[in-house]
Each structure stands twice: as C-alpha cells, then as structure tokens.
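Undergrad: model the structure of this input:
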Amino acid sequence: MSGLKNLKKRRRTQIVGIAGGCVVAVLAILWFLPEDSFQFFRSPSEVVDMPPPPNEVFRIGGLVEEGSIVRGAGEEIRFVVTDGGASVAVTYTGILPDLFAENQGMVGQGRYINGTFEAIEILARHDEDYMPAEVIDALEAQGVYKPSDGGAATN
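TA: Residues are numbered from 1 along each chain as shown. Presented below is the predicted three-dimensional model:
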C-alpha cells in the first residue's frame, strides 16, 4: 500500500513541477517581448492632457470630425479625430479602409509627434452599428456618445 502512496505523491509532485515550469516559461517570454508589442489605447482627451513620448506606439480612437478630411499629394491624408472633449490632428500615408468616413468611429495606430498623430494603420468600423469598445467607453466618459438606434451600445 505504501508503494501506491509514493506513486501518487510522485505524480502530484511531477504535475506541480511541470505546471510551475510552464508558468515560469510564459512569464519569461512576456519579459523578453519587445516594448512595442504592448500597445495602449488612448482617447484624444488623454493624448492632449498627457502627451505620450514620440517613440511610444499606441492606439487612438474617436470620431472623425466633419469637414476635416484633407487629401494631400499622393496617398497622404490628414483629418482630425475627436472624442467630444478634445481633438487631435492625424496624418496617414496609405489607402484608407472603404468604410472610413466623417462622423464615423475609427482607431488609428501610430505615434504622437509634434502635436500630430502620425498613423501607421487606420481601422474603421465594419458596419453602421459597430464601434470599438474602447472608443465607446471614451465617448461615454465624455458624455457625447449616443447609440444610433437609441438602444444599448454595440461593440
């Protein structure tokens, strides 16, 4: 009978050891990831209140201000994104998503340099009811978000 207890105890010790090793491995992988692997979302109000350093890549989201889209030479586009409390100028070189439009939700990824958000990627809503959860939360915090159908916000 004592042989069976030793076997169970050994198996339990092995399982705990393997689980602990897995946890240590995951933490080590997270520790050695490059800093730009973690991107934070900010609303325009947060960017204006506490501007991030120019080397930090982050996401900004809000509504594209009406009348703010200006197409430059080539593929350069300039527009302003707002959350109702503050506005941030955005520049982007590339092709915008088909559903990108004024007064619509968007999320951009890039850096804030000299008062302008230089986007490397622009994401737009995928249908008339969708808006990223972070954008909805930021707009609700400003008190300017109203769902299009008068019901609950969808995300």
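
Undergrad: from here on, just use CA atoms for contacts and neighbour counts.
TA: Will do.

Undergrad: where does this structure dip in pLDDT?
TA: For the chain, the stretches with pLDDT under 70 are 1-3, 35-39, 125-132, 144-155.

Undergrad: which residue ranges of it form strands?
TA: 41-42, 58-64, 70-71, 76-82, 87-93, 105-113, 116-124 (DSSP state E).

Undergrad: tell me which of the ones you listed sits most buried.
TA: Sort the strands of the chain by mean neighbour count, taking mean count of other CA atoms under 10 Å, and strand 58-64 sits at the top with a mean of 25.

Undergrad: now it: how far from the chain's centre is it?
TA: With CA atoms, centre = their mean, to the nearest Å as the basis, strand 58-64 stands 8 Å off its chain's centre.

Undergrad: ok, residues contacting it?
TA: Contact partners of strand 58-64, identified using CA atoms under 8 Å, 6 or more residues apart in numbering, comprise 39-44, 79-83, 101-111, 134-135, 138-139.

Undergrad: could you rerun that using 6 Å?
TA: With contacts defined as CA atoms under 6 Å, 6 or more residues apart in numbering, strand 58-64 is touched by 39-43, 80-83, 102-110, 135.

Undergrad: for Ile95, which non-adjacent residue is spatially closest?
TA: Glu75 (6.6 Å; CA to CA, 6 or more residues apart in numbering).

Undergrad: so the one you found is in contact with Thr91, correct?
TA: No. The pair Glu75 / Thr91 is not scored as a contact, 10.5 Å apart, by CA atoms under 6 Å.

Undergrad: can you lay out the strands of the chain as TSV showing distance to Pro51?
TA: Below are the strands of the chain laid out as TSV (distance: least, CA to CA, whole Å):
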stretch	distance to Pro51
strand 41-42	10
strand 58-64	11
strand 70-71	24
strand 76-82	15
strand 87-93	11
strand 105-113	7
strand 116-124	10
